[in-house]
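Trainee: Provided below are the primary sequence and the corresponding predicted coordinates.
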Protein chains: 2
Amino acid sequence: MKIVQCVPNFSEGRDLEKVEAIVAPLKNRSGFKLISYEPDKNYNRTVVTLIGDPYQISEAIIEMVGKTTELINLNNHVGEHPRMGAIDVIPFVPIKNIKMKECVKIAKELGKVLNEKYDIPIFLYEEAASNSDRVNLADIRRGEFEGMNAKMQNPKFYPDFGKNENHPTAGATAVCAREPLIAYNINLGTNDIKIANSIAKTIRHSNGGFRYIKAGGAEIADKGIVQVTMNITNYKKTSIYRVFETVKMEAKRYGVPVLGSEIIGLTPIDAIVESIEYYLGLTDFSAEKVIETHLLDIE
Amino acid sequence: MKIVQCVPNFSEGRDLEKVEAIVAPLKNRSGFKLISYEPDKNYNRTVVTLIGDPYQISEAIIEMVGKTTELINLNNHVGEHPRMGAIDVIPFVPIKNIKMKECVKIAKELGKVLNEKYDIPIFLYEEAASNSDRVNLADIRRGEFEGMNAKMQNPKFYPDFGKNENHPTAGATAVCAREPLIAYNINLGTNDIKIANSIAKTIRHSNGGFRYIKAGGAEIADKGIVQVTMNITNYKKTSIYRVFETVKMEAKRYGVPVLGSEIIGLTPIDAIVESIEYYLGLTDFSAEKVIETHLLDIE
């Protein structure tokens, strides 16, 4: 059985009746499981997590996009998170018994169908990108819904499927295949955002840090602290423990304690195995030694 | 789907042709997976690991015991590990969607069938034990094959199923249901077994240490080091990291470095989650955040 993680994001996080109507086609399906959906009021956006067969997931997403197209009007949408579409992004992540190449094919097929069925322009990004200008989602989405019609006049930003014009209410959508990404935050015992920003610079690739870290500082107002917030884009090459220990080391410069950390959303077991190996000095350990890894192999 | 781990141990680890014949009934079955079988020459014993449906596992084990009874003669058996039966122990461990109570019932049913079919006296232990004198396997097995006939004359050690007399070549067998047990070893940078023994005493329950630790010292001759070798009998209450850090703390008394550690066999993901939470100071983390935990829920 082929297993992917699929994490569609749609642009409604306040009207919970609409959110329920949109996720309804994802519930109680065979072949995959709806793990969670988390509406965020501040972002006015919902992140959905699905685990299972990519083909069955694609079929259900086609139904879901019928709902996002019907119920969301981006002309009236405000929220803190950048967005260009009612269904904004649909990433496929290979987990088990499936290669990246097949995920790319699935992302392209789904993008084509969504365009044909709903007349939404579709961009392919990350591993599914058709050229290097559109590997990063941020480069595609810059300008957001309000700016996309003008931006799509530039041949560099023609969509991969559909005409170069927003759906009038549902905007444009980005579909991709990518490696698992770990959203990871480290909490600092200070409210000084400059310290979080400085430490973020030391660990992120763009300023000379680790190859697979994108990081910044963030204020957690309700706790009166700041955090170094990051995406680990390849946890096999930049391990969680290495980033955590480096942030602890840098925080010492400021006499600031590291309070702890948090992994946002789901993580493949592989992403924590190397950290537990490091801290316990484990020899001969791997994900294969964890019972849950084998559950899918029982027939 | 109900999932148990079952770890039968049989008393042959040298004649690999016999080992293959004994495990053959466990291969390519539906409902469970043969994860591993590891013949140990020194012990002259093989540990088998099965994961899956307990009823399908029981059926296959009934076939396997036909083979151990046919191929192993304990009158000719020598090895470093204590044993009283050709099929020596059969523990059932609840993993997912099954309670201990049902595992106890399954252990009892299997014990009864094995006695009826092969005339082997059966002892139930741990959670399946019929009284407090026979909770610990070591208390039942003390005296081993050679001493069991005399021991079984004592009403305290009548078997739970069968008459109080060894099977002439296959001896007696212990069947149980129990919580997952973590076999865990911590390597010390010394060849002084007295240091390993002293540290083992500080952490084990019987000498004032942690409630769920059974530990001793062991020499690893081929590496020229010693280790603190232990069973963690309830990892939910005595976490791996706590034992590891305590051994590091004790080793400082002797100026001995802790080289690392090893988890033997399979471990439920829960057993490593608390350690990774500790070392990374994780908040809001649990096994539910690990993708592999959900694989069984996909229908």
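Mentor: The structure has been received and is ready for your questions. Numbering: from 1, shown residues only, chains lettered A, B, ... in the order given.
Trainee: going forward, measure contacts and count neighbours with C-alpha atoms only.
Mentor: Will do.
Trainee: Next, residue A:153: secondary structure please.
Mentor: When classified by DSSP: H, G, I helix; E, B strand; the rest coil, residue A:153 comes out as coil.
Trainee: quick one: it from residue A:170, how far?
Mentor: Distance of residue A:153 to residue A:170, computed by CA to CA, to the nearest Å: 18 Å.
Trainee: same deal with residue A:65?
Mentor: Applying CA to CA, the value for residue A:65 to residue A:170 is 10 Å.
Trainee: With residue A:15 instead?
Mentor: 17 Å.
Trainee: Then residue A:47?
Mentor: With distances taken as CA to CA, residue A:47 is found 17 Å from residue A:170.
Trainee: more crowded one of the two?
Mentor: More neighbours sit around residue A:170 than around the other of residue A:47 and residue A:170, counting by other CA atoms under 10 Å in any protein chain shown; the figures are 27 against 18.
Trainee: For the stretch 151-299 of chain A, which segments count as helices?
Mentor: The residue ranges that make up the helices of the stretch 151-299 of chain A, judged by DSSP state H, counting those that start in this stretch, are A:193-203, A:240-251, A:269-280.
Trainee: Same question for the stretch 1-150 of chain A.
Mentor: In order along the chain, the stretch 1-150 of chain A carries the following helices (DSSP H, counting those that start in this stretch): A:16-23, A:54-71, A:100-118, A:137-141, A:144-151.
Trainee: Now do the buried residues in the shortest one.
Mentor: Across helix A:137-141, burial judged by 16 or more other CA atoms under 10 Å in any protein chain shown covers A:137, A:140, A:141.
Trainee: try the third one
Mentor: Using 16+ other CA under 10 Å as the test for burial, helix A:100-118 gives A:100, A:103, A:104, A:106, A:107, A:108, A:110, A:111, A:112, A:113, A:114, A:115.
Trainee: Can you report how many residues lie near residue A:119?
Mentor: A total of 20 residues lie near residue A:119 under the criterion other CA under 10 Å.
Trainee: hang on, isn't it packed against residue A:164?
Mentor: No - at 10.7 Å, residue A:119 and residue A:164 do not qualify as touching, with contact defined as CA atoms under 8 Å.
Trainee: Output the buried residues of helix A:100-118 in a markdown table; the columns should cover pLDDT and distance to residue A:220.
Mentor: Putting those into a markdown table (pLDDT from 0 to 100; distance: CA to CA, whole Å) gives the following:
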| residue | pLDDT | distance to residue A:220 |
| --- | --- | --- |
| A:100 | 97 | 36 |
| A:103 | 98 | 36 |
| A:104 | 98 | 36 |
| A:106 | 98 | 38 |
| A:107 | 98 | 35 |
| A:108 | 98 | 38 |
| A:110 | 98 | 37 |
| A:111 | 98 | 37 |
| A:112 | 98 | 40 |
| A:113 | 98 | 41 |
| A:114 | 98 | 38 |
| A:115 | 98 | 39 |
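Trainee: circling back: for the helices of the stretch 151-299 of chain A, which one sits closest to residue A:213?
Mentor: Relative to residue A:213, the nearest member of these by CA to CA is helix A:193-203, separated by 6.8 Å.
Trainee: chain center to that closest one: distance?
Mentor: A distance of 23 Å separates the C-alpha centroid of helix A:193-203 from that of its chain, computed with CA atoms, centre = their mean, to the nearest Å.
Trainee: Compute the inter-axis angle for it and helix A:240-251.
Mentor: Here helix A:193-203 runs at an angle of 130 degrees relative to helix A:240-251 (axes from the mean of the first three to the mean of the last three CA atoms, to 10 degrees).
Trainee: Helix A:193-203 packs against which elements?
Mentor: Counting by 3 or more CA pairs under 8 Å, 6 or more residues apart in numbering or on different chains; DSSP states H and E, the packing neighbours recorded for helix A:193-203 are strand A:213-220, strand A:225-232, helix A:240-251.
Trainee: got the buried residues for it?
Mentor: Per 16+ other CA under 10 Å, helix A:193-203 contains these buried residues: A:193, A:195, A:196, A:197, A:199, A:200, A:201, A:202, A:203.
Trainee: tell me the contacts of the fifth one?
Mentor: For residue A:199, the contact set (CA atoms under 8 Å, 6 or more residues apart in numbering or on different chains) comprises A:228, A:247, A:250, A:251.
Trainee: Show the contacting residues for the second one.
Mentor: Taking CA under 8 Å, 6+ apart as the contact definition, residue A:247 lies against A:186, A:199, A:203, A:258.
Trainee: Would you reformat those as CSV and include pLDDT?
Mentor: Below are those laid out as CSV (pLDDT from 0 to 100):
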residue, pLDDT
A:186, 97
A:199, 98
A:203, 98
A:258, 98
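Trainee: Spatially, which two of those residues are the most separated?
Mentor: Greatest spatial distance in the contacts of residue A:247: A:203 and A:258, 15.0 Å, computed using CA to CA.
Trainee: was I right about residue A:36 contacting residue A:51?
Mentor: No - checked against CA under 8 Å, the pair residue A:36 and residue A:51 is beyond contact range at 9.9 Å.
Trainee: More neighbours: the two, which one.
Mentor: Taking neighbours as other CA under 10 Å, residue A:36 and residue A:51 compare with residue A:51 leading, 26 against 15.
Trainee: Tally up the residues packed near residue A:73, please.
Mentor: Burial of residue A:73 is recorded as 17 neighbouring residues (other CA under 10 Å).
Trainee: Chain neighbours aside, what residue packs nearest to it?
Mentor: Counting by CA to CA, 6 or more residues apart in numbering or on different chains, the nearest residue to residue A:73 once its immediate chain neighbours are dropped is residue A:169, at 4.6 Å.
Trainee: give the contact list for the one you found.
Mentor: The neighbourhood of residue A:169, defined by CA under 8 Å, 6+ apart, consists of A:69, A:72, A:73, A:74, A:75, A:86.
Trainee: can you check residue A:213 too?
Mentor: A:203, A:204, A:205, A:230, A:231, A:232, A:233, A:238.
Trainee: Counting neighbours, which of these comes out on top?
Mentor: Most crowded among the contacts of residue A:213, counting by other CA under 10 Å, is residue A:203 at 25 neighbours.
Trainee: Next one: it from chain B, what distance?
Mentor: Distance, residue A:203 to chain B, using CA to the nearest CA, to the nearest Å: 17 Å.
Trainee: isn't that residue right up against residue A:243?
Mentor: Yes - Residue A:203 is within contact range of residue A:243, at 7.2 Å (criterion: CA under 8 Å).
Trainee: which residues sit in contact with the spatially closest residue to residue A:160 that is not a sequence neighbour?
Mentor: If the residues on either side of it in the chain are set aside, residue A:160 comes closest to residue A:123, at 5.2 Å by CA to CA, 6+ apart. By CA under 8 Å, 6+ apart, residue A:123 lies in contact with A:111, A:129, A:140, A:159, A:160, A:161, A:172, A:173, A:174, A:175.
Trainee: which ones are touching the first one?
Mentor: With contacts defined as CA under 8 Å, 6+ apart, the neighbours of residue A:111 are A:122, A:123, A:124, A:161, A:175.
Trainee: if you set the cut-off to 6 Å instead, what comes out?
Mentor: When the contact criterion is CA atoms under 6 Å, 6 or more residues apart in numbering or on different chains, the partners of residue A:111 are residue A:122.
Trainee: That one and chain B, how far apart?
Mentor: From residue A:111 over to chain B the distance is 25 Å, taken as CA to the nearest CA.
Trainee: contacting residues around residue A:44?
Mentor: With contacts defined as CA under 6 Å, 6+ apart, the neighbours of residue A:44 are A:12, A:13, A:14, A:79.
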